[in-house]
Structures are given as structure tokens and as C-alpha cells.
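1. With the sequence up front, the predicted model follows.
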Amino acid sequence: MSISTMDLLSCLVDAARHGSLTIRRLSDEARYGNVQFKEEGDARSALTIADTAAQKVIVSSLLSKYSNLHIVGEEDESVAVDPASKVELDDTLLSRCEFYLPPSVGEVEEPPSELDVNEIVVYVDPLDGTREFVEGRLDNVQSLVGLCWRGRPLMGAIGLPFGVSSAENSTEVVFGLVGRGIGKVCTKKTSDGGAIQSCPLPAMKRYHQGDAITVSTGDSSSIRPAIEVAEAVFGKQVVVHQVVGACGNKLLRVACGNTTLAVQHDKTSLWDTAAPTAVLHSVGGYVTDYFGEPLIYTRDNPVLGNKLGVVSSAPGAKQAHLKLVKAMRGDKKILSPILEKFGLAFEDGSNQCVDIVRDLDGHPLPASYFADHMKEDVTTYSCPESEAVRGLMSNACRVHLRPSGSTVFYKRVVFARLDHARAKMTSAPHKLVRDVRSYKVETSFLASEACSSVIEKAGLSIPKCYDATLLPDDSIPLESKFSVLLEDFSPSDGWSQRWLLDSEEECRATLTTFAKMHGFFWSGSSFWNDTDAAKELEAGVWESASYVQPKLQTLNQCENVAKGWETSRLKCQKELEGFSYWDNLGERLQSVAAENGREAHPFAESDVSEKYYKYRTFTHGDPKQANLFFRSTEDGSKVGLIDFQWAGFGLAATDIAHFISAAVRADLLVDGGEESLLRYYYDELQTNLVEYGAFGSIEDANTQFSYEVFREQYETGVLDMCRLVIAYAWSRFEPVDKDDAMGCARTMNKNSYNKSMPNVIWLMSRCDAILTSRGV
């Protein structure tokens, strides 16, 4: 069943209006009558007849209008239709009102015109601020009706029973719809049924960098550690601490810009935050828990409390917000009381990446999760921020388990939380579809018999997969989520990584590793005799490997090489303008880019694949240095391979072209270095082609796959890499000197051509030389 979004919001606003009128009508009787306390001695748990009466009105009226609506209310005994309390809700109310969307919000995605009733939950707090209500601080009191769609606040109505007007039957409602903005209605009941009209919003303020920061909290002593962190982060001279009552009131003040940041304890509930969060999001504000993750509103969430605290920030203050929650992830006074129950051990005063070590709904992982999947005793764990990897399309971290001292690697991908993924949804949605599949490919391969076989028989080091949760959404890729628990290539076990490979010995060890993998899976090898394992591999990985291939890149990329060269080369003008190819390299490469891409990735094209099938093998697809680990042994360097998102079938030479172009320092490629490495790989491949049964002898292998054929395929792969670099990847170019420790750490995950000027010069010069040799 689908419901009109605007009709439903109108009814939520009207329900909050009637809830507010009920509170106002019962004000004196409720405040001075029999007040009950849900928790004895806690004024914040006060319950009055106004609470239950307002909920009956709101819930009964909504359910009478939409009988299938899933409603969660604070006073849960009242989540049913009470015929005496229901009123007829006006689903056209907002047709008479205006929305305000601050220009600073920028481009926003329009909300859906209709909502599936099975994807929404309505949260009702009929009287938020009961303690304030009883104590007579009526301007803090609100009636909250919020709607979450697919686990995120989408719309909210904040009823103000005691708003600006003092008239007996007057009330106000502030409403918000993410993607449309906010508005406000004022009502005054009259003898002919009442008048409802749009009315001015309070002045909306935006935070600007350098403005004084105000932090509002309640008066609970448990919030003091958060205040201390804020004072430490921003400096006492710029922090003004405000004590403000009621959850919704705090968030509304943030939305209006009267408060920069609001910090609330871990005793609030989803019905407290749903409506005001939607309003705040509607004007560009931000809400998370103490550690930077969204509050959890999944439909089947058994935990209705915001057990990890609440932090909200005004429009424009997101960076201040992120700075605060980052500091909170390193504060023992905040971490310990909240997260010890999950088994998190705060160690050495280091920040913990508790925003990453969560399940896909957002709940912190308990120690039992690791115990169950690692098959060992785990009582506590830690996840130091210093060992986290925060990428454009995933976040991951090393987890230290106690008491064993072992480590494991946890990777979590929630596309809706990734700025880069949201940008792709707008600019290149086909890439997001591609990325969704890439995570399925990685987990399929790591769990496959083929992976186990190549580890056992060829001695490859590939991380074991202990657990994987895949929640792809092919219809709405941005809603896709994935997590995977992997064997860790830990420094404590001798593993390390390189900014770029600068050792010939490690380059050769890597080439040997790829030669083993390519030889093991080569067309006609012994592996293919295992029919079940072969079928599983074929079904689980890319039919054509590598994200570089034109079909998985931006549309018409092959036609934009010349344009890309004209603009991107300017970043390297000083270094490149003296070369003869300065004026025409892009135009020359573009003239062959499309056909060259087909030859480099032949299994993406049915009319080309047959010609290359005899060279077909399983390839890594993204053999950059960030996906390589090294460990010294008595027999030389051991190489570990990670990140098989783009793995599948392709040409070994294309895989090696990617590796050489992206992972090896230019110093090792000049003066015959490239040729030496290629010769070494080719000889290693021939040995492994015979070892794993693809050919009967070295002579046979040389005849069927000569060095000349390999070199031609390799050079085609290099040209294809240059197409990607010039037309697309150079937008992220950040030249860093190899002796700049901070710069190297910052660019660790980048390919050589996006961080090393010598490598850019080498790659562009090789592109020119190959084109020249081919008469282009």
C-alpha cells in the first residue's frame, strides 16, 4: 500500500496540532493533578493525564486515517484506536502552507511522491518535556510526531502547545520534510471550526566557521564528560554552555541556529528524536550518536532508546560536529560507561573507531560476535583509530581481541553513509550498481573452493573470510550494505605495506605471486577439472575483471581523452611541457582508446572474447600497492593479496600492466628496469603454466604464449591505464615527495600516477613510446 507523501505529512502535522491542543486544554488539571513517575524519584519520568490523552488523540486519529500505519509511541498502552479520542485529520492542510529551504542547503534530492506503508514507522512522543511541563517551563514543551522511511527520519511535526500566542485555543506546529525544507502553521480554534494558516518561521541562523560555538545540554550530571570534551576541543574561550530542557526543544533550537551543538545523554528514545531530527535534516543540520553514526530507526529495531547518546549540529556546523564526535571516540569517561557492555576495552588513551565496528543496522558489535566467528574466547576487544582505513567507498579497521591478543580485520560498507557513494548516485549511477556487485564478487571469491584451492596448492596468501553479511539492493543501490570479517595481515605477524614498491626483490616476489595465480587458473589448467569449483568461480566473479575497463567507467570516457589531456596535463605542466608529446598525446590516445580497451578487456565483448579465450585466466583486477602486504621470511619476501572486489576473468598481461603502472616506483622502471621485471614475470608464468597443467612443457608454453604476444598485450594494457588516468583519474592527482612522511601516509591508498610526479613522467612517456611504435 502506498500513501501520498504530502497527504501523510499533512496528517502528521494535523495530529501534532490536535495533540498540542489537548495538552493545552488539560494543562492546569495535568500539572496540578495526580502526577505519576515511571521511575521513582526521577522528575524526567513524570507522566500526566495530558501525556496519555494527547497520545490517544494522535494515534487514534492517524490509525483511523491509515489503518496499516506502524506506530511506536512513548505511552505504548495507548497505541490503539480509541473511538472517543479520534478526530478527522486534514490531509490537505499543507496545501495552504509554504516550505522554506535555506539556499545554503544546496542541491537536494526530492523526497518520493509516495511512500510504501511497509517501509515507514511513525514515532510519537505526545508530550516531550513532561518534567518541564509539570515545573511550569511551558516553552520547552512539545508534541512530537516523526516518520522514518527506510530507517531514516524523513518528515516530522513539532507541535508547540504553548507557542508565541497566549490565546487559549491557539497552537503552533513546525514541520519539516527532508528535500523540501520546513514550514510552520498556526491555528486558533473558532466557533465555526477554526482557522489554520501558514505563519512566519523564527529567524533561521547558519553557523559560519569562526563563529562562537554554543553547546546546549540538559542538567544531568552524566552529561558532564561530554561538556568537558567540547571545552577541550573548542576552547573555553569560545564555548558557551546552555542548559536547555526537553529533547525536542534542544533539537529545534539547533535547527533554528540558536545553538551550535546539542549533546544529550543516553536516556533519550527514538520518539524523542525522530520528528525534530527530520526537521533539522530538512534545513541542513546533522544528527548522530556520540561517535558519529546515525541514530538507529530500523523498522524491527528492538532497542527503542538512543543508547549511544545524541549529538546534533546546526546548519553549517557539520565540521565542528565531526571534530567533537572524533574527540568523543577517544574519551574514556564517555566510552567506558556506554560501550563496556559490548566488550569494548578502552586502551592507552587512543581513539577507538567505534563508528566502524558495528553491524549493518548500526549496533556496536559485541565481543561474542568475534568469539562465535573466530572460534576462540573473546572477552573484550579494542579497535584503535590509528589502525582504521577510511576510504571513499568503505571503512575498515583492525580489531584486537583479548585475552588471546590475536587480531582480525573488519570491513563495513553502508553506501548511504558514504559521501562518494551519494555523489555517484547523482553523477554516475551505473557506477554505484557496479560497486554493489563488486562487494558480492569479493565475498563470493573469498568463500569459494577456488580460493581455498589456490591458497592450499599454490601457496598464495589471501585472507580467510570468517563472516560476511551482504544486503545488496539492486533497485536502490544506495541502500546497499555489506560487512565482512577477514583474517588480518597484522604488523604483529610481520606484515607491512609500501607507499610504492621501491625494492626489486619485493617487485619480483609480487610478480611471482601473480604468476602463480594466473598460471593456476589459466584456461586448460588442472583447476578446471574440478567442475563444481569451476562453476562456482564462474558464477561468483566478474566475467571481465578490473574496474579500469571502459564498460565499468564513466560513460563515453574513451571519447574524452583529448579533453582530459588538455586540462589535466596543466597539473604537470612544468614537468611535461618539454616533451614532444605535450601538444598531442591526448588526441593520439583517444584515436585508439575504444578499440584498445576492447583488446585489453576482451571478455567484456562477446565478439572479441573468442579470439583471446586461450589466454583467459583469473586476475586480481586492482593490483595497486595498497592491496599488497609484505612479510620477510628466510626464503625472501612473502606477498599477501587483499581486496578482490574487481577480480574475475581477464588477461594476465593486463593485470601486470595495471600493477606496473600503479604500484612500482619509477626508479625501478627506467634504464631497462621495466623490461627486466617483465622478463622475470614471463619466465615465472611459464613455469607455473606447466606446474598447474595448462601446458605440458616450457617449450609448449612458449610456443602457445610467446613473450612477443605477452609484450603486445602488456603494452595494450598500459595504454588502457593511460586512458583511465588522463580522462578520469588525474582529477585526484596530489604530488607527494617520497620523503614526506605525512604526505605519504595521506596518499597511501592512491595509485602511483596520482601521487608521484616521476611516475607520471614515466607513464606518459611510455604511452607516447607505445603509440609511436604502433604508428599513432
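-> Cool, got the structure.
2. Flag every buried residue along stretch 211-221.
-> Across stretch 211-221, burial judged by 16 or more other Cβ atoms under 10 Å covers D211, I213, T214, V215, S216, T217, G218. Quick note: C-beta positions are derived from backbone N, CA and C, even for glycine.
3. what does stretch 696-704 give?
-> A701.
4. neighbouring contacts of it?
-> Under the criterion Cβ atoms under 8 Å, 6 or more residues apart in numbering, residues K614, Q686, T687, L689, V690, A694, F695 lie in contact with stretch 696-704.
5. per-residue confidence for the second one?
-> Q686 is assigned 98 on the pLDDT scale.
6. what helix or strand is it on?
-> helix 673-691 (DSSP states H and E).
7. can you pull out the helices in the stretch 301-450 of the chain?
-> 318-328, 332-339, 367-374, 419-427, 429-446, 449-458 (DSSP state H, counting those that start in this stretch).
8. Just name the most buried of those.
-> helix 429-446 (a mean of 20; mean count of other Cβ atoms under 10 Å).
9. next one: that one to chain centre, how far?
-> 14 Å (Cα atoms, centre = their mean, to the nearest Å).
10. How about stretch 640-655?
-> Per Cα atoms, centre = their mean, the centroid offset for stretch 640-655 relative to its chain is 24 Å.
11. what does the average pLDDT come to for that stretch?
-> 97.
12. now swap in stretch 156-175 and tell me
-> 79.
13. That one: which residues count as buried?
-> Buried, per 16+ other Cβ under 10 Å, within stretch 156-175: 156-163, 170-175.
14. In helices, which of those fall?
-> When the buried residues of stretch 156-175 are checked against helices (DSSP state H), there are no matches.
15. got those as a markdown table, with distance to A314 columns?
-> As requested, the buried residues of stretch 156-175 are exported to a markdown table (distance: Cβ to Cβ, whole Å):
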| residue | distance to A314 |
| --- | --- |
| G156 | 17 |
| A157 | 20 |
| I158 | 16 |
| G159 | 22 |
| L160 | 19 |
| P161 | 25 |
| F162 | 24 |
| G163 | 21 |
| S170 | 28 |
| T171 | 25 |
| E172 | 21 |
| V173 | 21 |
| V174 | 15 |
| F175 | 19 |
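16. correct me, but F618 touches L537?
-> Yes. Counting by Cβ atoms under 8 Å, L537 is a contact partner of F618 at 7.1 Å.
17. Looking at the two, which is more packed in?
-> F618 (28 against 24; other Cβ atoms under 10 Å).
18. do you know which of the helices of the stretch 301-450 of the chain lies nearest D300?
-> helix 367-374 (18.6 Å; Cβ to Cβ).
19. taking the buried residues of stretch 211-221 as a set, which two sit the farthest apart in space?
-> D211 and G218 (23.4 Å).
20. closest to E577 out of the helices of the stretch 301-450 of the chain?
-> Among the helices of the stretch 301-450 of the chain, the nearest to E577 by Cβ to Cβ is helix 419-427 (30.8 Å).
21. Touching that closest one from outside, list them.
-> E107, E109, L392, M393, F415, A416, K431, L432, D435, P477, L478.
22. Now, of those, which are buried?
-> M393, F415, A416, K431, L432, D435, P477, L478.
23. The fifth one reaches D474, doesn't it?
-> The reference is to L432. No. At 10.8 Å, L432 does not count as touching D474 under the criterion of Cβ under 8 Å.
24. Among the buried ones among the contacts of helix 419-427, which one sits closest to A652?
-> Using Cβ to Cβ, the buried ones among the contacts of helix 419-427 come closest to A652 at D435, 25.0 Å.
25. Find the nearest non-adjacent residue to the closest one, please.
-> M393 (6.1 Å; Cβ to Cβ, 6 or more residues apart in numbering).
26. can you give me the strands in the stretch 451-600 of the chain?
-> For the stretch 451-600 of the chain, the strands defined by DSSP state E, counting those that start in this stretch occupy 465-471, 481-487.
27. Identify the residues contacting the last one?
-> Pointing back at strand 481-487 there. Residues outside strand 481-487 that contact it (Cβ under 8 Å, 6+ apart) are 359-360, 370, 373, 408-415, 439, 442-443, 446, 463-472, 642.
28. Could I have the ChimeraX command that selects the buried members from the residues you listed?
-> With 16+ other Cβ under 10 Å as the criterion, this ChimeraX line picks the buried residues out of the contacts of strand 481-487:
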select :360,370,408,409,410,411,412,413,414,415,439,442,443,446,463,465,466,467,468,470,472,642
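29. Quick check: the gap between L261 and G519.
-> Separation of L261 from G519 (Cβ to Cβ, to the nearest Å): 58 Å.
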